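Peer 1: no sequence for this one, just the structure:
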């Protein structure tokens with residue numbers, strides 16, 4: 001998914017659900033915790049819950065996470 005930080009921010013709010021492809025190839029279901037921005041070398045990134053620093057948007061897919069109340 002090739003998307004700029006501005007395109008991401010126009011479509012997705014902070015706290016949206018995402019699937020992150022980790023370095024080991026596993027998938028992590030989480031939420032964003034910042035707006036996206038562009039690093040000096042041009043890579044668009046966003047902060048996500050459970051991972052330190054910005055994560056490359058090319059390895060993130062938006063996903064609707066359903067909140068299930070505890071009973």
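Peer 2: That came in fine, so what should we check first? Worth saying up front: this structure is predicted, and the values here are computed from it rather than measured.
Peer 1: in the sheet, who's paired with the nearest residue to residue 14 once chain neighbours are set aside?
Peer 2: Leaving out its chain neighbours, the residue that sits closest to residue 14 by CB to CB, 6 or more residues apart in numbering is residue 32, at 5.7 Å. C-beta: built from backbone N, CA, C; applies to glycine. Residue 32 has the following beta-bridge partners by DSSP bridges: residue 48.
Peer 1: Where does residue 23 sit: helix, strand or coil?
Peer 2: Here residue 23 is coil, with the state taken from DSSP: H, G, I helix; E, B strand; the rest coil.
Peer 1: if I look at residue 41, how far off is residue 17?
Peer 2: Noted for residue 41: a distance of 28 Å to residue 17, by CB to CB, to the nearest Å.
Peer 1: Between these two, which has more neighbouring residues?
Peer 2: A count of neighbours by other CB atoms under 10 Å puts residue 17 above the other of residue 41 and residue 17, at 16 against 5.
Peer 1: what bridges to the more buried one?
Peer 2: Residues in beta-bridge contact with residue 17 (DSSP bridges): residue 31.
Peer 1: For this protein, which residues score under the pLDDT cut-off?
Peer 2: Scanning the chain for pLDDT under 70 picks out the ranges 1, 65-71.
Peer 1: all helices for it, in order.
Peer 2: Assigned by DSSP state H, the chain shows helices spanning 5-11.
Peer 1: pretty sure residue 43 contacts residue 53?
Peer 2: No - with contacts counted by CB atoms under 8 Å, residue 43 stays clear of residue 53, the gap being 11.8 Å.
Peer 1: And those two? Which one has more around it.
Peer 2: Comparing residue 43 with residue 53 by other CB under 10 Å, the one with more neighbours is residue 43, at 14 against 7.
Peer 1: quick one: contacts for the nearest residue to the more buried one once chain neighbours are set aside?
Peer 2: Nearest residue to residue 43 in three dimensions, chain neighbours excluded: residue 56, at 5.6 Å (CB to CB, 6+ apart). Residues in contact with residue 56 (CB atoms under 8 Å, 6 or more residues apart in numbering) are 43-45.
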